[in-house]
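S.K.: let's see this in three dimensions:
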Amino acid sequence: MSKNRNWFQTLGRYSLPFVFVIVFVFNLSFGTVYVSPLKIFQLLRQESAEKYMIWNLRFPRVLMATLTGIALSLVGNIFQAIMKNPLVDPYLIGTSAGASFGALLAIYFIVNSIAHVSIPTMSFIFAVIASSLSILLAKKGNVVPTVHLVLSGVLVSTLFSAGSMLLLNIANKSLVTGHVWLYGSFSGMTFRDLIVPASSLGVFVTLAFTLSKQLDAMTLGEKEAKSLGINVEALKWTFYLLGSFVTATFVSKTGIIGFVGLVVPHMARIIAGPKHSKNLLATVLIGGILMSVCDTLARTLLNPVEIPVGIITSFIGAPFMFVLLKWKNGVAK
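M.R.: Reported below is the predicted structural model:
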């Protein structure tokens, strides 16, 4: 059994980079108009409407979907480590809903000339407020029980999602627009939209890989980590604030996308094992693959109608979460 598991993990680690590249190229092929993967690269040498469609419209969208999957998955993985809770992710603890509300509030202020505020900054502030509320509501002494955190996260997410719907209605937005924002969409992405999210993700990825050994120590418990000379509080707050900022920069562009940060870290640990030096890379690759595939399904399944991508990820993540909760409760008994 152990040999089979090691063989599976080795195969998974070495095949993931190839799958990542292949999936990315195939996602560029599918859409309203199908373009073969071979022709995509041939278009680089000629000027045509197809070239503009692939490289100026579809490419930034697929790239944003891939980066969003990487960001949410990596934040989920690290939040699970620093909070020592396998059911934590930016969506479940309200970070995404808070970030979405902050972005909408900033847009509302700008459009109505109330105040000229930074959308990423407002998104970040409310992301921190929302996730802090979830943790404070769930905390019992120095412990944050898993089920309590999930319940408080749902409560906070509902609160901020309701606030987002209220803003959309006040701003005379249609119900369809509200649903797209609340369930995520990559429609209309440009290269300019990528700059701030990609930059914040680059910093977060670099820090995560640099401090992977400290993250391993955190999973053993705070006392063990302190005994190894790790400044636990500094590590927790650094990743907590930076993770919230990364989430905010992406959510402010895409809207709320749920469950990716929950599902992918568990997949990564199955393939790469518990050590962060290995499963962080698997998290990056699987997160990018999963989100980009979900976005391709969202824009092709009911073509020409586009499904909010968060609906696709919820269909995958909700059953996974149910199985995980049942398994965790079974272990506890």
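S.K.: buried residues in stretch 156-163?
M.R.: By neighbour count on 16 or more other C-beta atoms under 10 Å, the buried set for stretch 156-163 is 156-157, 159-161, 163. (Each C-beta comes from the backbone N, C-alpha and C, glycine too.)
S.K.: again, but for stretch 100-110
M.R.: Of all the residues in stretch 100-110, those buried under the rule 16+ other C-beta under 10 Å are 100-108.
S.K.: just the element for the residue positioned nearest the centre of the chain, please.
M.R.: What sits nearest the mean C-alpha location of the chain, by C-alpha atoms, centre = their mean, is Leu72, with 1.9 Å. Per DSSP states H and E, Leu72 falls inside helix 59-83.
S.K.: that helix: what's the following helix or strand?
M.R.: Heading C-terminal from helix 59-83 (DSSP H and E), you reach helix 95-111.
S.K.: show me what the very next helix or strand once past that following helix is packed up against.
M.R.: Next along the chain after helix 95-111, taking DSSP H and E as the criterion, comes helix 119-138. Helix 119-138 is packed against helix 95-111, helix 146-170, helix 232-254, with contacts defined by 3 or more C-beta pairs under 8 Å, 6 or more residues apart in numbering; DSSP states H and E.
S.K.: now the angle from the first one to helix 232-254?
M.R.: Counting by axes from the mean of the first three to the mean of the last three C-alpha atoms, to 10 degrees, helix 95-111 points 50 degrees away from the direction of helix 232-254.
S.K.: from the chain's centroid, how far away is helix 95-111?
M.R.: 17 Å (C-alpha atoms, centre = their mean, to the nearest Å).
S.K.: what is it packed up against?
M.R.: The contact analysis (3+ C-beta pairs under 8 Å, 6+ apart) places helix 95-111 against helix 119-138, helix 146-170, helix 175-183, helix 232-254.
S.K.: residues contacting the second one, please?
M.R.: Spelled out, it's helix 146-170. Here helix 146-170 makes contact (C-beta atoms under 8 Å, 6 or more residues apart in numbering) with 83, 85-88, 91-94, 96-98, 100-101, 104-105, 108, 126, 130-131, 133-135, 137-138, 140, 177-178, 181-182, 256, 325, 328.
S.K.: and it with helix 95-111, angle?
M.R.: In terms of direction (the same axes, to 10 degrees), helix 146-170 departs from helix 95-111 by 20 degrees.
S.K.: next, the angle helix 119-138 makes with helix 146-170.
M.R.: Helix 146-170 runs at 140 degrees relative to helix 119-138, counting by the same axes, to 10 degrees.
S.K.: what mean pLDDT does helix 146-170 get?
M.R.: Across helix 146-170, pLDDT averages out at 84.
S.K.: got the angle between that helix and helix 59-83?
M.R.: Orientation check (the same axes, to 10 degrees): helix 146-170 against helix 59-83 gives 140 degrees.
S.K.: one more: the last one?
M.R.: Calculated by the same axes, to 10 degrees, helix 232-254 forms an angle of 150 degrees with helix 59-83.
S.K.: helices and strands around helix 232-254, which ones?
M.R.: Helix 232-254 sits against helix 59-83, helix 95-111, helix 119-138, helix 191-210, helix 212-220, helix 222-227, with contacts defined as 3+ C-beta pairs under 8 Å, 6+ apart.
S.K.: so which helix or strand takes in Val264?
M.R.: For Val264, the enclosing helix or strand under DSSP H and E is helix 260-272.
S.K.: avg pLDDT for that helix?
M.R.: 91.
S.K.: ok now that helix, how far from the chain's centre?
M.R.: The answer for helix 260-272 is 12 Å, by C-alpha atoms, centre = their mean.
S.K.: quick check: buried residues in that helix?
M.R.: Neighbour count says helix 260-272 has 260-269, 271-272 buried, by 16+ other C-beta under 10 Å.
S.K.: tell me the angle it makes with helix 232-254.
M.R.: Per the same axes, to 10 degrees, the angle that helix 260-272 makes with helix 232-254 is 120 degrees.
S.K.: which elements pack onto helix 260-272?
M.R.: Helix 260-272 packs on helix 2-29, helix 59-83, helix 276-300, helix 309-332, going by 3+ C-beta pairs under 8 Å, 6+ apart.
S.K.: tell me which of those is the most buried.
M.R.: Among these, helix 59-83 has the highest mean neighbour count (mean count of other C-beta atoms under 10 Å), at a mean of 26.
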